[in-house]
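K.L.:
Structure for the following, please:
(chains A, B and C)
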Amino acid sequence: MFGKGGGRTAFNLFFYSFAGFLFLYSAYLFLSNLDQLFVTEAAIKSREVAAVWGEDREILNQFAGGFWKDPYFWKSLNLTVSITLLTTLVATILGIPTAYALSRYPIPGKSIIEVLFSSLIVMPGSVIGICLIVMFNYGPLWELQNALGFRFAHSIFPGMVIASLVLSFALGLSAWKATFDSVNPRFEQVARSLGSSRWRAFKTITFPLAKSGIIAGIILAWTRAMAEFSAVLFFCGTFHELPSSRFSDLAKFLQMDQADWVSVAVWAQVEFGNVEYGFALAFILVLIGGISVYVMHRIGAKGYVW
Amino acid sequence: MALGTRGGWWPGLCVATAGGILALYVLLVTSNWIYLGWHDTLYFFSKSRMWERFWLTVWTSTVSTSFSLLVGIPAGYALSRFRFPCRHLIASIIDLPIVVSPAVVGAFLFGITSRFPFDWISEYYGIYIGRNVYGVLLVQFTVTAAFCARLMKASFDMIPTRFESVSRSLGASSIRTFFKVVLPMAKNGIIASMIVVWARAAAEWEGLMLFVGATEGKTDIMPFAIYLDWNGGMMGWVTSMSIVCILMAVSAISAMRMIGGRSNVW
Amino acid sequence: MIEIRNLSGNLGEFHLRDINLGVEEGEYLAILGPTGAGKTVLVEYIVGIYQPNGGTILVDGEDITPLYTEERNIGYVPQDYALFPNLTVEKNIAYGLEARRMPPDDVHHIVSEMISRLKIDYIRHRMPLHLSGGEKQRVAMGRALATEPRLLLLDEPLSALDENLRTELARELRHIQRDVNGTFIHVCHNFEEASDVADRVVIMNDGRIIQTGTLKEIMASPKNEFVARFVKSQNIFRGLSDGSTIEIGNLALVRKTAFKGNVIVAIRPESIGIVENKKDEVENCFSGKVKSALRKPYFTEIAVDMAPPFVIYSTTERKYNKGDNVTISIPPEKIVVIEKE
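P.N.:
Below is the predicted model of the structure:
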């Protein structure tokens, strides 16, 4: 029935269908939930019965929970984006020298380090959250915090930064190390033979050559920070219902008080029954994530797995 | 032998930063064990409750990994070899479930299972996919299938197409080429992907929290159980189970490195 | 002006042992050896990329072994030239000068002079990616020489090029060296390349220096079988010597030598003559049939069917065919005798 040529087409089709299945599954997963943004009669009724979490019922009963009218939404978005940008900045400043050291210099136990970082990426988020709690609230760092007079856990800064930093740094590091590995060390050696210091060689030769890889790593780090959920949940919790007095003046000034990390907010809202609102937040996260991924694909970042 | 850190302040800065960060990470990972101590750890390890959850985690991960591999290997091959229009867009959409927070994925799964085709399946086949083990499998599959496809794409990318061209020029059909030439060369990559995907499935819990809910013994795989116990304030259980999870992740990665070579698909 | 004393080191799979070497100022030295001989490692030690396990390197009397690469002021042209891909030709050449914080006007002046001297003005603003092999070499030389280093190291600069380009560029290297009156150390694995450029040659194998001298000297008296094969002596045979004759195969060569017992004999193909007239027969004349005759560009390579088989390079116009009878004559002084180790 099928000749060699036909067999080839059938063969290709077979493989295409699996990729197609994944594509359709993903698309269906996200798009079919769009109707969750619309408020149903049942939802309105249930909200009248249950105690409301302090929000305006009028707003909630609109399309997508009227999220754009709610100050809580904007504050949460502001909080999350600002903190993740800060996290990405810290990750980059610490990560690039670390990646360069791991790539160029003979550091003992390199394979153990690689195993460590790779394991962190496949570890459950709750475990990382617990590790953070135990590390800061029970270990020697507890003493340090007592001495400094404030707690790391359950705080916006540096709590949320640290929580999102753990995995953001790990992913960025792997990307940057791969980038530096791909730049031939000969260039630096020649540069130094011409009289350049190691820093100058890095600045003028290695860094420009590594630029696209470094940018890919930055996007990767930021995307991962935005997707962080468990670590922030465990280490910081929710801030929505905390009284205003618990926040510093700086937090209020920056419009970060009484707001939540967006992925945590998704969970909280859906748990509480504000399904439309929760899904609206979820869609925004999906949109941000999708744009990041698309940019990464376009700039040709190869082999970066999340 | 190598010049090491000689030569200006830059090498010193790099190595010091690296050392400091690494020390913090090592502390992070071992903090549970430090807190709990040998004796208590062994105590919790001896409880059957621990192993019930461990076993649940292991078998659900294994089943969903099998499905993920089934879908992921051919999908990865398609993504690697074929050029189709809007390639980047399609690849991005396929990647979405693994890029966004798993909590979000859980919420969406929650929405999707109340409609076609799931309601159809539960009506006609009596299998309800939702707040039970099937729900766990579905969540694990969702977050790992695309991940597997990505890993397999990277493995297939490393095999030059030259071999397939030669095979076809010798008269072999595409099927024969795939099974006799491509797959054996990708063997290491497949095994490595399998291990990593398994570890990722075993680590999935946020989706469970949002979608499946907790049924003691039925759906609380290890990471989820950690969350539940933490809410209950049972720190001993929490830290000991964390240690188990950490050991699982580290063993999986070590096994992968020994078999598959580089863990640099990351 | 550069002296290497007792250098030894281990780098991965390569081991250097007891390297003792001296290079005069203005000399062009070639380090010749097969791949894996440790030539690149030696270069890396001299440039300062790695530290040797033992020994010292002295330049103009100064011990540079503890210095960093950037302090040594030794030019380095690696294989594939390693031109900085993100900088133009002009910027590449200016790199070393800018690293020394020279004022921009001086930099520009020196760079322009170098560019015109090397005749690469037309590619001044190009990126290295689009340059030909010859152009890349000139840029790499310009970059290394702009800072006036006391020594220039070239690591297999011509290995990646094809035959005809190689000879032309080898001559260019030689020309540049004479022009700037610099001290060059050129690493290669091809002895024709070395003969094109070098004043003196060092033969390395297995991490050790086997022999030094001019190429002519080495070709005339190779120290051991390895060197003889490396300089393509072609006729290398095992023989038995009793002090005045050496038996090889079925023949007895007349040759006075101090070595007795098992020896290795090496005879260069161009040293063997072909006798036309019976009257010209002197000692060491043997007859045999031509096995093959290959016309090469500058000579005819004739293989003679004897025991042992000889290879002769004949420069006469005479055509030789398979099966011809020839009489060859081997002057005793051209027979190199090496004691068998």
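K.L.:
so how many other residues sit close to the residue of the stretch 51-200 of chain A at minimum distance from chain C?
P.N.:
Nearest residue of the stretch 51-200 of chain A to chain C, counting by C-beta to the nearest C-beta: residue A:194, 3.3 Å away. In short, each C-beta sits where N, CA and C put it, glycine included. Neighbourhood size, residue A:194 [other C-beta atoms under 10 Å in any protein chain shown]: 28.
K.L.:
before we move on, what about residue C:243?
P.N.:
By other C-beta under 10 Å, neighbour count at residue C:243 equals 12.
K.L.:
Surely it is in a strand?
P.N.:
No. In this structure, residue C:243 is coil, not part of a strand, as judged by DSSP: H, G, I helix; E, B strand; the rest coil.
K.L.:
From chain A, how far off is it?
P.N.:
54 Å (C-beta to the nearest C-beta, to the nearest Å).
K.L.:
Surely the residue of the stretch 51-200 of chain A closest to chain C is in contact with residue C:142?
P.N.:
No. Using C-beta atoms under 8 Å, residue A:194 is not in contact with residue C:142, being 11.7 Å away.
K.L.:
Remind me what the helix or strand harbouring residue B:12 packs against, helices and strands.
P.N.:
Element membership for residue B:12, per DSSP states H and E: helix B:9-45. Applying 3 or more C-beta pairs under 8 Å, 6 or more residues apart in numbering or on different chains; DSSP states H and E, one finds that helix B:9-45 makes contact with helix A:71-104, helix A:110-122, helix A:125-137, helix A:198-201, helix B:235-260.
K.L.:
Deepest-packed of these, please.
P.N.:
Ranked by average neighbour count under the criterion mean count of other C-beta atoms under 10 Å in any protein chain shown, the helices and strands packed on helix B:9-45 are headed by helix A:125-137 at a mean of 26.
K.L.:
Mind listing residues that contact that helix?
P.N.:
A:120, A:141-142, A:145, A:151-153, A:162-163, A:166-167, A:228-235, B:27-29, B:31-32, B:35, B:102, B:203, B:205-206, B:223-224, B:226-227, B:230, B:238-239, B:242, B:245-246 (C-beta atoms under 8 Å, 6 or more residues apart in numbering or on different chains).
K.L.:
Going through these, which ones are buried?
P.N.:
Neighbour-count burial (16 or more other C-beta atoms under 10 Å in any protein chain shown) is assigned, among the contacts of helix A:125-137, to A:120, A:141-142, A:152-153, A:162-163, A:166-167, A:228-235, B:28-29, B:31-32, B:35, B:102, B:203, B:205-206, B:223-224, B:226-227, B:230, B:238-239, B:242, B:245-246.
K.L.:
which regions of chain A sit below the pLDDT cut-off?
P.N.:
A:1-7, A:39-66, A:246, A:300-306 (pLDDT under 70).
K.L.:
What residue in it comes nearest to chain B?
P.N.:
Counting by C-beta to the nearest C-beta, chain A gets nearest chain B through residue A:124, at 3.3 Å.
K.L.:
For the nearest residue to that residue once chain neighbours are set aside, grab phi and psi.
P.N.:
If the residues on either side of it in the chain are set aside, residue A:124 comes closest to residue B:223, at 3.3 Å by C-beta to C-beta, 6 or more residues apart in numbering or on different chains. Torsion angles at residue B:223 (phi, psi; degrees, to the nearest 10) stand at phi -60, psi -40.
K.L.:
Likewise for residue A:236?
P.N.:
phi -120, psi -30.
K.L.:
repeat for residue B:139
P.N.:
Dihedral angles for residue B:139 - degrees, to the nearest 10 - are phi -60, psi -50.
K.L.:
re the thing from before, the helix holding residue B:12 to helix A:71-104, inter-axis angle?
P.N.:
110 degrees (axes from the mean of the first three to the mean of the last three C-alpha atoms, to 10 degrees).
K.L.:
C-terminal to helix B:9-45, what's the next element?
P.N.:
helix B:48-81.
K.L.:
right, is that next one up against chain A?
P.N.:
Yes. Using C-beta under 8 Å from any C-beta of the partner chain, helix B:48-81 reaches chain A at B:71, B:74, B:75, B:77, B:78, B:79, B:81.
K.L.:
Give me the neighbour count for the second one.
P.N.:
Neighbour count of residue B:74, defined by other C-beta under 10 Å: 21.
K.L.:
try the fifth one
P.N.:
When neighbours are defined as other C-beta under 10 Å, residue B:78 has 24 of them.
K.L.:
That one reaches residue A:15, doesn't it?
P.N.:
Yes. Residue B:78 is within contact range of residue A:15, at 4.1 Å (criterion: C-beta under 8 Å).
K.L.:
By neighbours, which of the residues of helix B:48-81 next to chain A wins?
P.N.:
Going by other C-beta under 10 Å, residue B:75 tops the residues of helix B:48-81 next to chain A with 28 neighbours.
K.L.:
show me the contacts for that residue.
P.N.:
A:15, A:18, A:19, A:21, A:22, B:94, B:145, B:148, B:149, B:152 are the contacts of residue B:75 under C-beta under 8 Å, 6+ apart.
K.L.:
how much space between it and residue A:296?
P.N.:
Separation of residue B:75 from residue A:296 (C-beta to C-beta, to the nearest Å) stands at 19 Å.
K.L.:
Next: residue A:155.
P.N.:
Distance from residue A:155 to residue A:296, by C-beta to C-beta: 31 Å.
K.L.:
Please identify which of the two sits among more neighbours.
P.N.:
residue A:296 (23 against 20).
K.L.:
which element is that one on?
P.N.:
Secondary structure from DSSP H and E places residue A:296 in helix A:275-298.
K.L.:
Make JSON lines out of the helices and strands packed on helix B:9-45 and add distance to residue A:257.
P.N.:
Below are those laid out as JSON lines (distance: least, C-beta to C-beta, whole Å):
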{"stretch": "helix A:71-104", "distance to residue A:257": "7"}
{"stretch": "helix A:110-122", "distance to residue A:257": "31"}
{"stretch": "helix A:125-137", "distance to residue A:257": "22"}
{"stretch": "helix A:198-201", "distance to residue A:257": "42"}
{"stretch": "helix B:235-260", "distance to residue A:257": "30"}
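K.L.:
what about these, which gets the closest to residue C:216?
P.N.:
helix A:198-201 (42.1 Å; C-beta to C-beta).
K.L.:
Pull out the buried residues from the next helix or strand after the closest one.
P.N.:
Along the chain past helix A:198-201, the next helix or strand (assigned with DSSP H and E) turns out to be helix A:207-226. Neighbour-count burial for helix A:207-226 flags A:207, A:209-210, A:213-226 (criterion: 16+ other C-beta under 10 Å).
K.L.:
For the stretch 101-250 of chain B, which residue gets nearest to chain A?
P.N.:
For the stretch 101-250 of chain B, C-beta to the nearest C-beta, closest residue to chain A: residue B:223, 3.3 Å.
K.L.:
State the pLDDT value of that residue.
P.N.:
For residue B:223, the model assigns a pLDDT of 87.
K.L.:
How about the contacts made by the nearest residue to residue C:52 once chain neighbours are set aside?
P.N.:
Of all residues not flanking residue C:52 in the chain, residue C:9 sits nearest, at 3.8 Å (C-beta to C-beta, 6+ apart). Taking C-beta under 8 Å, 6+ apart, we find residue C:9 in contact with B:1, C:15, C:16, C:41, C:45, C:50, C:51, C:52, C:53, C:54, C:55.
K.L.:
mind listing what whatever residue of the stretch 101-250 of chain C ends up closest to chain A touches?
P.N.:
In the stretch 101-250 of chain C, the residue found nearest to chain A is residue C:147; the distance is 6.1 Å by C-beta to the nearest C-beta. The contact partners of residue C:147, taken as C-beta under 8 Å, 6+ apart, are A:194, A:195, C:73, C:75, C:96, C:97, C:100.
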